[in-house]
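Asks: just a sequence and a predicted model for now, questions to come.
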Amino acid sequence: MTPKAEKIPFEITEHNHTRIDQYYWMRLSDEQKESKTPDEQTQKVLDYLKSENDYTKLEMKHTEELQKELFEEMKGRIKEDDSSVPFFKNGYWYYTRFEKGADYALNCRKKESLETGIEEILINGPELAKGKDYWALGGLSVSENNELMVYGIDDVSRRVYTLYIKNLSDGTLLQECIEGTSGGATWANDNTHFFYTKKDPNTLRDCQIWRHQIGTSQQDDVLVFEELDEEFSCYIYKTKTKDYLIIGTSQTVSDECWILSAQTPLASFVCFQKRERDHEYGITQFQDKFYILTNWNAQNFRLMTCPLDKTEKENWEELIPHRPEVLLESVELFAKFMVIEERSEGLIQIKIQPWDNLLESHYLSFPDPAYDAGVGTNPDFNSTWLRFGYSSMTTPSSVFDYNMETKERILKKQQPVLGDFKSENYACERTYAVASDGVKIPISLVYEKGTKRDGTAPCLLYAYGSYGHSIDPGFSSSRLSLLNRGFVYAIAHIRGGSEMGRQWYEDGKLLKKKNTFTDFISCGQFLIQEKYASEQKLFAMGGSAGGLLMGAIANMEPLLFKGIISAVPFVDVVTTMLDESIPLTTFEFDEWGNPKEKDYYDYMLSYSPYDNIEEKEYTNILVTTGYWDSQVQYWEPAKYIAKMRELKTDTNKLLFECTMEAGHGGKSGRFEALKEIALEYAFIIDLAK
């Protein structure tokens, strides 16, 4: 029986405009969710979510064998007893490894030599996760004398971690533990103090930096920095040189840094450069200078330097100038080299530049027309070897070491793909659609060779398009289960990301947000017109802010796609952005706008998926979420589904899966997550028949 949610009118008034939300009652507080004895409202919500889950299971029952088949395929491509490429830091080789059948990794190290060193298991993931519905490990942080380690654990899926301290000499845990953190810690150089970020218990905003002394309790910890502006969140790290501790605090368009010598943790942090509206910057340090990556008078960022004791921006000197066609993304400093990560024509480039001759530089070459590349873990400041990663839609994730002096490139590992996978059996392309305003939108595609471009192939089009986050065309072994069944897989690099530079982001946010949606629609229409995709078998997928995209295109072009997969979708934009008690709201005003200002209210209201559901035909839709999601609360997709059931006039599938043990990232564990992918793939494969 199709679920039907109760309607209880709830008025929300802003700017003398009243909206009636019939399903506002689905919202529960954290206290209600965590209570062992559900109250009446909580039970009603749980009953509704269960009815939706049961309905989805019933409607997808005929695909259960297909889901099992997909799961076994995807699992079968994974080398179960796998390990990472070790990296060397402060006298030890660090790596992770999986044992056969295990969902979670062992975090390990060996002293000095991989061949003769004795393995120490720092974190036994399978043991610690035993009996947990959800388990996630935060960052590991080892003291400079290699004797103590701090790590974080989240066993709820709210991204709130408890820190534990382990004595690495005997493997015992210290009695003190620290609750309510973001999951990581940063050590001072005295091996006695470390710093951590604490979250606001209600909004989950990272708002405080605390100092802890070994041998004391959390009650004795010292607050060293508090971010009072609710639009900002803060963090802390140590420079690669180990000379400075840096507190950063940021929001969408502004940053501020505070610095302290790592040798003097009891001293006070000093402001590096005061925050200014529309000024983003980040810092690191080498020898007698700070290096500043900044968008000050440089939309695509530039690199500047300043003396250690004169850090205000009037003392900054330009080292790498702004380039309108190149986005400067990051720099990695070594004793002899600077490595520059930049984006040109939508693709990552890695540039090697020696300090002794800044005019002599070179770029790494990459073989594919569309790919993902990036600087990896490089903790050894004096090394002449660069660790970087590379993959493409046909090339599995690969780890390389590159000698910056001799230009020797060594493949340390390519992720094994078990079975009959051969990279040469697949083809990758880069093409462009034309948006409604004439702008060219890049599309990356992959398909099995032999797939005909005659308008008969099923196609899944994916995109994100928010926060300036670029979706690079990397490899997925799970995706092979679609490609091997004749699917074309495409990524639309739409505005709202930063693929084509910072202006690409600016043109897909705030009062230009609709460009994100129309770009995606144009990409879908292009794939049909150019016969990459069948008009009857084009599918769309996005998650989180990409789920907002899915909700918007479902309203704007409800029958362009045969089916839509919307994961943890941000669909109730106006109501959420009006409520500053909800996690993420306050420091996202510069992404979406503040609806308490009428211009933004009206604009958001014109595209908010939940507010624009109409009595009309919609395509087949699968929506997924997690009950403990801290990024997009479960009630947004739950309300969306209820209202869609109420108003849609078709008989197409409308399915909702709420995982009761998970949050924003879905289930934990490398195999459990595959079951969610299997459901999504089965949904579209079944529709493509």
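Replies: Now that the structure is in, tell me what you want to look at.
Asks: surely F194 forms part of a strand?
Replies: Yes. Assignment of F194 by DSSP: H, G, I helix; E, B strand; the rest coil places it within a strand.
Asks: measure how buried it is and give me the count.
Replies: Per other Cβ atoms under 10 Å, the neighbour tally for F194 reads 26. For glycine as for every other residue, the C-beta is placed from the backbone atoms N, C-alpha and C.
Asks: and it, what are its bridge partners?
Replies: W187, H212 (DSSP bridges).
Asks: ok, and what's touching the helix or strand encompassing K50?
Replies: Using DSSP states H and E, K50 maps to helix 40-59. For helix 40-59, contacts defined as Cβ atoms under 8 Å, 6 or more residues apart in numbering pick out 1-3, 5-6, 25-26, 28, 32-33, 35, 38, 627, 634-635, 638, 641-642, 653, 655-658, 660.
Asks: what is the rounded mean pLDDT of that helix?
Replies: For helix 40-59, the mean pLDDT works out to 96.
Asks: just stretch 485-500 next, same as before
Replies: 97.
Asks: buried sites along that stretch?
Replies: 486-500 (16 or more other Cβ atoms under 10 Å).
Asks: kindly indicate which of these lies nearest T203.
Replies: Closest approach to T203 among these (Cβ to Cβ): G496, at 24.2 Å.
Asks: tell me the contacts of S268?
Replies: If a contact means Cβ under 8 Å, 6+ apart, then S268 has V224, L260 as its contacts.
Asks: against L260, how distant is it?
Replies: The gap separating S268 from L260 is 7 Å, by Cβ to Cβ, to the nearest Å.
Asks: do the same with V434
Replies: As for V434, its distance to L260 is 51 Å (criterion: Cβ to Cβ).
Asks: more neighbours, those two?
Replies: Set V434 next to L260 and count neighbours by other Cβ under 10 Å: L260 wins out with 22 against 14.
Asks: could you find the closest non-adjacent residue to D590?
Replies: Using Cβ to Cβ, 6 or more residues apart in numbering and skipping residues adjacent in sequence, the residue nearest D590 is T252, 3.5 Å away.
Asks: wait, the one you found sits on E588?
Replies: Yes. The pair T252 and E588 qualifies as a contact (Cβ atoms under 8 Å) at a distance of 6.9 Å.
Asks: need phi/psi at R502.
Replies: Here is the backbone geometry of R502 (degrees, to the nearest 10): phi -60, psi -30.
Asks: tell me the buried residues in the helix or strand bottoming out on mean pLDDT in the chain?
Replies: Lowest by mean pLDDT, DSSP states H and E among the helices and strands of the chain is helix 30-34, with a mean of 86. By 16+ other Cβ under 10 Å, the buried positions in helix 30-34 come out as K33.
Asks: helices or strands up against that helix?
Replies: Judged by 3 or more Cβ pairs under 8 Å, 6 or more residues apart in numbering; DSSP states H and E, the packing partners of helix 30-34 are helix 40-59.
Asks: give me the buried positions along the helix it packs on.
Replies: Under the neighbour-count criterion of 16+ other Cβ under 10 Å, helix 40-59 has T42, K44, V45, L46, Y48, L49, S51, E52, N53, Y55, T56 buried.
Asks: circling back to that earlier point, now a ChimeraX select for only the buried ones of the contacts of helix 40-59.
Replies: Buried residues among the contacts of helix 40-59 (16+ other Cβ under 10 Å), as a ChimeraX selection:
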select :3,5,25,26,28,33,627,634,635,638,641,642,653,655,656,657,658
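Asks: next, F272: secondary structure please.
Replies: Quick answer, by three-state DSSP: F272 is strand.
Asks: show me what contacts it?
Replies: I246, E256, C257, W258, I259, I283, F290, T311.
Asks: which one of the residues you listed has the most neighbours?
Replies: F290 (25 neighbours).
Asks: for that one, which three-state class applies?
Replies: Going by three-state DSSP: F290 is strand.
Asks: also the one 3 residues further on?
Replies: The three-state label given to L293 by three-state DSSP is strand.
Asks: what is the burial count for it?
Replies: So L293, with other Cβ under 10 Å, has 20 neighbours.
Asks: over to E646?
Replies: For E646, using other Cβ under 10 Å, the count is 14.
Asks: and the helix holding K50, how far out from the chain middle?
Replies: In terms of Cα atoms, centre = their mean, to the nearest Å, the centre of helix 40-59 is found 29 Å from the chain centre.
Asks: D507 touches T518, doesn't it?
Replies: No. Counting by Cβ under 8 Å, T518 is not a contact partner of D507; they are 11.3 Å apart.
Asks: narrow the contacts of helix 40-59 to those in helices?
Replies: Q32, K33, W635, A638, I641, A642 (DSSP state H).
Asks: tell me who's in contact with the second one.
Replies: What that stands for is K33. Neighbouring residues of K33 by Cβ under 8 Å, 6+ apart: T42, Y627, W628.
Asks: distance of it relative to D39?
Replies: 11 Å.
Asks: ok, residues contacting stretch 427-445?
Replies: Contacts with stretch 427-445, where a contact means Cβ under 8 Å, 6+ apart, come from 346, 368-370, 392-394, 446-449, 473, 488-495, 499-500, 507, 515, 518-519, 522-523, 525-527, 530, 532.
Asks: and with 7 Å instead?
Replies: 346, 368-370, 392-394, 446-447, 449, 473, 488, 490-494, 499, 518-519, 522-523, 526, 532 (Cβ atoms under 7 Å, 6 or more residues apart in numbering).
Asks: export the helix holding K50 as CSV, just CAs?
Replies: Output of helix 40-59 as CSV, limited to C-alpha atoms (Å, rounded to 0.1, in the frame of the first residue of the first chain):
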residue,chain,number,x,y,z
GLU,A,40,3.9,10.4,20.2
GLN,A,41,5.4,12.7,17.5
THR,A,42,8.6,10.7,17.4
GLN,A,43,6.7,7.4,17.0
LYS,A,44,4.6,8.9,14.2
VAL,A,45,7.7,10.0,12.3
LEU,A,46,9.3,6.6,12.8
ASP,A,47,6.2,4.8,11.6
TYR,A,48,6.1,7.0,8.5
LEU,A,49,9.7,6.4,7.7
LYS,A,50,9.2,2.7,8.2
SER,A,51,6.2,2.7,5.9
GLU,A,52,8.3,4.4,3.2
ASN,A,53,11.1,1.9,3.6
ASP,A,54,8.7,-1.0,3.5
TYR,A,55,7.1,0.4,0.4
THR,A,56,10.4,0.8,-1.4
LYS,A,57,11.4,-2.8,-0.4
LEU,A,58,8.1,-4.0,-1.8
GLU,A,59,8.4,-2.0,-5.1
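Asks: got phi/psi on T172?
Replies: phi -90, psi 160.
Asks: distance check, it against L128.
Replies: Relative to L128, and taking Cβ to Cβ, T172 is found at 15 Å.
Asks: ok, now Y447?
Replies: Distance from Y447 to L128, by Cβ to Cβ: 41 Å.
Asks: same thing with S344?
Replies: 43 Å.
Asks: surely V399 meets V85?
Replies: Yes. Counting by Cβ atoms under 7 Å, V399 does reach V85; the two are 4.6 Å apart.
Asks: show me where the stretch 101-250 of the chain has helices.
Replies: 125-128 (DSSP state H, counting those that start in this stretch).
Asks: meant to ask about the stretch 401-550 of the chain
Replies: With DSSP H, counting those that start in this stretch, the ranges of helices along the stretch 401-550 of the chain come out as 480-483, 502-506, 514-529, 545-556.
Asks: need the winner for burial among those helices.
Replies: Stretch with highest mean neighbour count among these: helix 545-556 (a mean of 26; mean count of other Cβ atoms under 10 Å).
Asks: which helices and strands does the next helix or strand after that one pack with?
Replies: Tracing the chain C-terminally past helix 545-556 and defining elements by DSSP H and E, one meets strand 563-567 next. Judged by 3 or more Cβ pairs under 7 Å, 6 or more residues apart in numbering; DSSP states H and E, the packing partners of strand 563-567 are strand 538-543, helix 545-556, strand 620-626, helix 672-687.
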